[in-house]
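K.L.:
heads up, no residue letters with this:
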């Protein structure tokens, strides 16, 4: 951390005022983590957990295998509380997992950009979703999720930025150069610091 602070003194504030980061899940189960990430998107934590719990309860093994999800009717997924759009996205992930045999992919042999390009082929899965997987599921160390609202707001507050949209993203990329190759860790501290604000 001292080396990072030397390169970017602004980081001293977020490191000093945030708790130690918890370990990431690093499950390596990209299919399940994709489903869970999509399921939680645009919902508050407790509501998302409740709906996801009802979804998991639909499966005997408490695991939504792609084979079973792919055969489910959209109405079954909507019955647990998902919107039509979200239910379709979850089915899309299951179909993609079957067609591409995600369990057999050696993610360690793919770089971050290759994984983003591969998984964003799924309708409903965007770059932000895959970046969350890279940070939390695959434990990739150098991901800067420039499209994440929480990271954007934290950087704007910390650096006093007024830029918006593309100009803001370009500024974030410039600032983040000093954090390489630890941009995932800094992003996680920015979330914590921003939440505290």
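P.N.:
Ah, there it is. Here the structure is a predicted model, which is why all the values come from computation and not from measurement.
K.L.:
hmm, who's touching the host helix or strand of residue 96?
P.N.:
Using DSSP states H and E, residue 96 sits within helix 84-100. Under the contact criterion Cβ atoms under 8 Å, 6 or more residues apart in numbering, helix 84-100 has outside partners 31, 34-35, 38-39, 41, 64, 66-67, 69-70, 72, 74, 77-78, 82, 102-103, 121-125. C-beta coordinates here come from the backbone N, C-alpha and C atoms, glycine included.
K.L.:
So among those, which ones count as buried?
P.N.:
Among these, the ones that count as buried by 16 or more other Cβ atoms under 10 Å are 31, 34-35, 38-39, 64, 66, 69-70, 72, 77, 82, 102, 122, 124-125.
K.L.:
Just want to check the distance between the spatially most central residue of the chain and residue 61.
P.N.:
The residue lying closest to the centre of the chain (Cα atoms, centre = their mean) is residue 132, at 1.8 Å. For residue 132, the distance to residue 61 (Cβ to Cβ, to the nearest Å) stands at 25 Å.
K.L.:
Please apply the same query to residue 39.
P.N.:
Taking Cβ to Cβ, one finds residue 39 at 17 Å from residue 61.
K.L.:
Then residue 148?
P.N.:
If you measure residue 148 against residue 61 using Cβ to Cβ, the figure is 33 Å.
K.L.:
which of the two has more neighbours?
P.N.:
Between residue 148 and residue 61, counted using other Cβ atoms under 10 Å, residue 148 has the larger neighbour count: 19 against 8.
K.L.:
So the more buried one is in contact with residue 128, correct?
P.N.:
Yes. Counting by Cβ atoms under 8 Å, residue 148 touches residue 128, with 6.1 Å between them.
K.L.:
burial count for residue 101?
P.N.:
Count around residue 101 with other Cβ under 10 Å applied: 9.
K.L.:
How much space separates it from residue 66?
P.N.:
Residue 101 sits 10 Å away from residue 66, going by Cβ to Cβ.
K.L.:
Next: residue 138.
P.N.:
19 Å.
K.L.:
Next: residue 182.
P.N.:
Distance of residue 182 to residue 66, given as Cβ to Cβ: 34 Å.
K.L.:
State the pLDDT value of residue 197.
P.N.:
Here the pLDDT value assigned to residue 197 is 64.
K.L.:
oh, I was asking about residue 136
P.N.:
For residue 136, pLDDT reads 92.
K.L.:
Name the nearest residue to it, sequence neighbours excluded.
P.N.:
Once flanking residues are discounted, residue 136 sits nearest to residue 24: 4.8 Å by Cβ to Cβ, 6 or more residues apart in numbering.
K.L.:
Distance of that neighbour relative to residue 171?
P.N.:
27 Å.
K.L.:
in the helix or strand encompassing residue 51, what counts as buried?
P.N.:
Assigned by DSSP H and E, residue 51 belongs to helix 45-56. Neighbour-count burial for helix 45-56, counted by 16+ other Cβ under 10 Å, picks out 48, 51, 52, 55, 56.
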